[in-house]
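Q: my questions concern the predicted model and sequence given below.
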Amino acid sequence: MIKSNDQCKILIVDDTVENIQILSEILNDYKKTIATDGKIALELANTDPKPDIILLDIMMPDMDGYEVCARLKENQETKDIPVIFITANTEIEDEIKGLELGAVDFITKPISPPKVIARVKTHLIMSEYRKQLENMNEILTEKVKERTIELELSRDKAEESSRIKSHFLTLMSHELRTPMVGILGFSEILKTDCEDVKLKSYATNLYKASERLGQTLDAILNLSRLESNKKLIDTSSFNPIDRIDKLIDVHKMNAELKGLNLSFIPEVDSLLIYSDLIKFDIILNNLIGNAVTYTNKGKSTICAREIGNKHLQVLEVTIADTGIGISDDKHEIIFEEFRQADEGFVRNFEGVGLGLSIVKKYIQDLSGSIKLESKLDEGTLFTITIPSYKTIEDISAESIETKEPAKPKVHDDKIQILVVEDNETNYVVHKLFLEDICEITVAKTGNEALMITKSIEFDCILMDINLGRGPSGIEVTKAIREVDLNASTPIIAFTAYALEDDKTVFLEAGCNDYLAKPTTKTKLREIVMKNIK
């Protein structure tokens, strides 16, 4: 709110009494204080309440108006009081000097009453607005500080919540996957080796049930990766045709049990792209699995072709089925988390409704696309594209670079494998999976592993990460790398820690490869043989 005239205080500084009387009469509506020299003016300017404006003569004895103005502007308490010079000096240089010292205006004598009134009123209003603006700025600054503190507290809480959540997910991943090693492992061995038909059937059903539990756990962990908003891409060159061939093998048994024809028709025999192999496998595994799951009769066909140009490889894969189809109104929701086309208490199909949301997110991460065509009771067609992260020229150049292949270690007996594992059930399963192709040595603690690796050279080491008491698998891996005998031995992080960040940590610690528990006999043997070669 702007002050009224009688609320405004004006300090008039002039050594001539007549000039003071004239200004006092002109500014009759205002409160006024008078100073006849510079020293008194400075004292009155510092007296509360301070003047709202100062009318200052230039030509005064002892201390002229310029020096008074300079001192006012140097004082933190008076620097913001508007100063108007009133003087008989008419030279432009005088006016410039006054403005440079901080005055807001310059009025020459003889005095024009309307001009004085207008100038004073204008600068009083401007001064009041400036004070209000400064006050608002102070309030806003304080609000910003308060809000910043609130945001910092919220950020700290969010980071703490994220840390707790990550820790919980890591813990749950480990604690759920560890017992599943025994459940999946022994049930796989029983269903393969058991001769009793009835017991073999029980073991097969047990294996299927544990597989389903594993798939649900994987889906939930994949969701946690999506919620973290981390676009982690682990790129490598691979042949997607070979990958799809291997993925289809996993689903052929289920297809045969349902009497379905599951086929793969690639338009090219071989293709090399540079992308994220793990995400690629998850995408195709989900889509192929859905094609088999939601088809009761007929066939499921996967086709693959190259649609890039001469410089960039782009893979297009179609997954077609003659299954139940998806109604038009459900085409969007099936890509949402925890949503399925068939929902409610009566569901015809299993699952937690995360597969397609993960597929879509991973395809977006890989800069690809996904398209859905489907009609109820007629079937579904998914078309996905995945581009290579590198040009053909880049991949070719990498393949030309040759390195001297590592010479395989030669032993008189089987391949020597060290399994570092503190869980008795787990290392029994690992031994049963590998004992026909490897000579297995088991270390139940990190310290035991370090003692063994100082005297025996191994072809490969399977390293659990959580080893209970004593050094962790990461610490053991780093220590082994310092021992000449096994400094270059391939070490596979074989662990129930299965989050994406975990893999990065293990590889950075010195592991050559990574395999999450639980796993199948085939996968374990494949990764071991891949690394010892």
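A: Done, it's in. Since we're looking at a predicted model, the values are computed, not measured.

Q: what's the longest helix along the chain packed up against?
A: The longest helix of the chain (DSSP state H) is helix 113-193. When contacts are defined as 3 or more C-beta pairs under 8 Å, 6 or more residues apart in numbering; DSSP states H and E, helix 113-193 sits against helix 17-26, strand 53-56, strand 83-87, strand 105-108, helix 197-227, helix 424-434, helix 521-532. (Each C-beta comes from the backbone N, C-alpha and C, glycine too.)

Q: between the third one and helix 113-193, how big is the angle?
A: Angle between the axes of strand 83-87 and helix 113-193 is 160 degrees (criterion: axes from the mean of the first three to the mean of the last three C-alpha atoms, to 10 degrees).

Q: partner strands of strand 83-87 and their direction?
A: Applying DSSP bridges, strand 83-87 is found paired with strand 53-56 (parallel), strand 105-108 (parallel).

Q: in TSV: the ones you listed, plus mean neighbour count.
A: As requested, the strands paired with strand 83-87 are exported to TSV (neighbours: other C-beta atoms under 10 Å):
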stretch	mean neighbour count
strand 53-56	27
strand 105-108	18
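
Q: give me the distance from stretch 117-128 to the chain's centre.
A: 55 Å (C-alpha atoms, centre = their mean, to the nearest Å).

Q: element containing I384?
A: Applying DSSP states H and E as the criterion places I384 in strand 379-387.

Q: so this protein: which segments form each domain?
A: Using automatic domain parsing, the domains assigned to the chain come out as 5-111, 161-224, 234-388, 415-532.

Q: can you tell me which of those domains the model trusts least?
A: Mean pLDDT values for the domains of the chain show the minimum at domain 161-224, a mean of 78.

Q: picking up where we left off before, mind putting the strands paired with strand 83-87 into JSON lines with distance to H331?
A: JSON lines is the format used below for those (distance: least, C-beta to C-beta, whole Å):
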{"stretch": "strand 53-56", "distance to H331": "73"}
{"stretch": "strand 105-108", "distance to H331": "72"}
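
Q: among the domains of the chain, which comes closest to E142?
A: Ranking those by proximity to E142 (C-beta to C-beta) places domain 5-111 first, at 19.5 Å.

Q: so what would you say the end-to-end distance of the closest one is?
A: One end of domain 5-111 to the other measures 20 Å (C-alpha to C-alpha, to the nearest Å).

Q: any idea how far that domain is from the chain center?
A: The answer for domain 5-111 is 62 Å, by C-alpha atoms, centre = their mean.

Q: and D281, backbone torsions?
A: Main-chain dihedrals, D281, degrees, to the nearest 10: phi -60, psi -40.

Q: ok now do it, which residues does it touch?
A: Contacts for D281 (C-beta atoms under 8 Å, 6 or more residues apart in numbering) come out as 243, 247.

Q: what do you get if the cut-off is 10 Å, keeping everything else the same?
A: Applying C-beta atoms under 10 Å, 6 or more residues apart in numbering, we find D281 in contact with 238, 240, 243-244, 246-247, 362.

Q: wait, a helix at C303?
A: No - under the criterion used here (DSSP: H, G, I helix; E, B strand; the rest coil), C303 is strand, not part of a helix.

Q: mind checking how far the one helix or strand M253 maps to is from the chain centre?
A: In this assignment (DSSP H and E), M253 forms part of helix 240-257. Put simply, helix 240-257 sits 33 Å off its chain's centre (C-alpha atoms, centre = their mean).

Q: with just CA atoms, put that helix into PDB.
A: Output of helix 240-257 as PDB, limited to C-alpha atoms (Å, rounded to 0.1, in the frame of the first residue of the first chain):
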ATOM      1  CA  PRO A 240      19.500 -63.300 -33.400                       C
ATOM      2  CA  ILE A 241      18.600 -66.200 -35.700                       C
ATOM      3  CA  ASP A 242      20.600 -68.600 -33.500                       C
ATOM      4  CA  ARG A 243      19.100 -67.000 -30.400                       C
ATOM      5  CA  ILE A 244      15.500 -67.500 -31.600                       C
ATOM      6  CA  ASP A 245      16.300 -71.100 -32.500                       C
ATOM      7  CA  LYS A 246      17.500 -71.800 -29.000                       C
ATOM      8  CA  LEU A 247      14.500 -70.000 -27.400                       C
ATOM      9  CA  ILE A 248      12.000 -71.900 -29.400                       C
ATOM     10  CA  ASP A 249      13.500 -75.200 -28.200                       C
ATOM     11  CA  VAL A 250      12.500 -74.200 -24.700                       C
ATOM     12  CA  HIS A 251       8.800 -73.900 -25.700                       C
ATOM     13  CA  LYS A 252       8.600 -76.900 -28.100                       C
ATOM     14  CA  MET A 253       7.800 -79.400 -25.400                       C
ATOM     15  CA  ASN A 254       4.800 -77.300 -24.200                       C
ATOM     16  CA  ALA A 255       3.600 -76.900 -27.800                       C
ATOM     17  CA  GLU A 256       3.900 -80.700 -28.500                       C
ATOM     18  CA  LEU A 257       1.900 -81.500 -25.300                       C
END
